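Peer 1: make a model of this:
(one chain, ligands or ions: 4)
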Amino acid sequence: EVKTRGKNGYQFFDPAFYGAMRQRKQRERELQAAIAGNQFVMHYQVRVSAATQRVASLEALVRWNHPTAGMLYPDEFIPLAEETGMIVPLGELVVDTVCAQIAAWTRDGCAAVPVSINVSSRQFNERDMHALFLQSLERHGIPADRVEIELTESTMIRDPVRTSEHLQAMHALGIRLLVDDFGTGYSSLSMLQQLDFDLLKVDKSFTRRLGGDGQGEVLFTAIITMAHALGMKVVAEGVERPEQAALLAQLQCDELQGYYIASPLDAVGVQGEIRRRQAA
Ligand code: C2E
Ligand code: MG
Ligand code: MG
Ligand code: MG
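Peer 2: Ligands and ions are numbered 1, 2, ... in the order given. A predicted model of the protein is given here:
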């Protein structure tokens, strides 16, 4: 009996476990403060036409400018934000920041390029996304066709009825709908068609397979044929090499995104990238 209690006691006071818990609690408090004090910045990565290299859209990617740890990337705080529900206020902050940025670019006379915003499943389930976007668009005086939303297949599967109602209402406003990381989840063809998606973003794991044994090309050909038949465009994510870009253009992939095209840049840098491309 003593032994068992001792064992439990040991587990409870395991310094490594306790340390990890404390660290997590600390990160949670920091994230709370970061939302209250808006320590986030948005970076923007261009998505270009495979045929013309002109900019089709910008993807808004959130970064946390942490007071001591420096710039943190989404993988370091989005999972915690999702687990704790803080993704809801964080998501509101992102939508509002992006809309404010679009309005500022418009005032500065920048080209009217749409911006896509990532939305995760918990946000979709807990917040009326349609109302959130509508309010933010109105507050900043932005037409709905300046924004797009990206959601993964798992987001749609969680609560298909509710999700589809909201998506349809947003689509009716003129917001384009994008499937993110396509090929890594389990969406059905009928769901993609019913929800009337505009564009499939094919996950970077598929792009990585191009130029090897030919299987990457086979997969892209199948996805592109299917997407076009359903009235959707296709973008390849994670394009890192010129050969991949050339192959994708040959396969009739509509758009490209990745480090080879351009890295995510801050709000000033990305406007330089757009001007450089539209001038070329
Ligand atoms: P995602 O939506 O699939 O975004 C693309 C990610 O791939 C970005 O990472 C981008 O920097 C990275 N990337 C771009 N080009 C390349 C490339 O050529 N090679 C490779 N290996 N990676 C490339 P990031 O910015 O770290 O974002 C990671 C994920 O975090 C995003 O994946 C998205 O799911 C999530 N995320 C980002 N911003 C937000 C946000 O505002 N709200 C929500 N809910 N999620 C966000
Ligand atoms: Mg995305
Ligand atoms: Mg993606
Ligand atoms: Mg992703």
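
Peer 1: C-alpha from now on. contacts and neighbour counts both.
Peer 2: Fine.

Peer 1: per-residue pLDDT of residue 19, please?
Peer 2: Looking at residue 19, its pLDDT reads 84.

Peer 1: remind me which residues of this structure are low pLDDT?
Peer 2: 1-13 (pLDDT under 70).

Peer 1: now do the helices in it.
Peer 2: Along the chain, counting by DSSP state H, helices occupy 2-12, 15-36, 78-84, 87-107, 121-126, 129-140, 153-158, 160-173, 189-194, 204-208, 215-229, 242-250, 267-279.

Peer 1: which other residues reach the last one?
Peer 2: This points to helix 267-279. Applying Cα atoms under 8 Å, 6 or more residues apart in numbering, the contact partners of helix 267-279 are 42, 43, 44, 45, 46, 53, 54, 55, 101, 110, 111, 264.

Peer 1: quick one: the last one from residue 146, how far?
Peer 2: This means residue 264. 19 Å (Cα to Cα, to the nearest Å).

Peer 1: what does the first one give?
Peer 2: When Cα to Cα is applied, the distance between residue 42 and residue 146 equals 16 Å.

Peer 1: just the fourth one next, same as before
Peer 2: The spacing between residue 45 and residue 146, counted by Cα to Cα, is 15 Å.

Peer 1: of those two, who's got more company?
Peer 2: Neighbour totals were compared for residue 45 and residue 146, and residue 45 leads with 26 against 18 (other Cα atoms under 10 Å).

Peer 1: indicate the residue of the stretch 51-200 of the chain located nearest to ligand 3.
Peer 2: residue 181 (4.2 Å; Cα to the ion).

Peer 1: what about that residue, how many residues nearby?
Peer 2: 20.

Peer 1: now do residue 231
Peer 2: Count around residue 231 with other Cα under 10 Å applied: 14.

Peer 1: skipping adjacent residues, who's closest to the residue of the stretch 51-200 of the chain closest to ligand 3 in space?
Peer 2: Of all residues not flanking residue 181 in the chain, residue 203 sits nearest, at 4.1 Å (Cα to Cα, 6 or more residues apart in numbering).

Peer 1: the one you found contacts residue 238, correct?
Peer 2: Yes: between residue 203 and residue 238 there is a contact under Cα atoms under 8 Å: 7.5 Å.

Peer 1: how about the residues of the chain near ligand 3?
Peer 2: Neighbours of ligand 3 within the chain, by Cα under 5 Å from the ion: 180, 181.

Peer 1: could you redo the last one with a cut-off of 6 Å?
Peer 2: 180, 181, 203 (Cα under 6 Å from the ion).

Peer 1: isn't the second one up against residue 199?
Peer 2: No: because the distance of 11.4 Å does not satisfy Cα under 8 Å, residue 181 is recorded as not touching residue 199.

Peer 1: follow-up on the earlier one: CSV for the helices of the chain, including mean neighbour count and distance to ligand 1?
Peer 2: Output for the helices of the chain, formatted as CSV (neighbours: other Cα atoms under 10 Å; distance: least, Cα to the nearest ligand atom, whole Å):
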stretch, mean neighbour count, distance to ligand 1
helix 2-12, 10, 34
helix 15-36, 13, 13
helix 78-84, 15, 6
helix 87-107, 19, 6
helix 121-126, 17, 7
helix 129-140, 16, 12
helix 153-158, 18, 11
helix 160-173, 16, 15
helix 189-194, 14, 18
helix 204-208, 19, 7
helix 215-229, 16, 16
helix 242-250, 16, 11
helix 267-279, 14, 13
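
Peer 1: out of these, flag the one nearest residue 259.
Peer 2: Shortest distance between residue 259 and these, using Cα to Cα, is found for helix 242-250: 10.4 Å.

Peer 1: and the angle for that closest one with helix 215-229?
Peer 2: Orientation of helix 242-250 against helix 215-229 (axes from the mean of the first three to the mean of the last three Cα atoms, to 10 degrees) gives an angle of 40 degrees.
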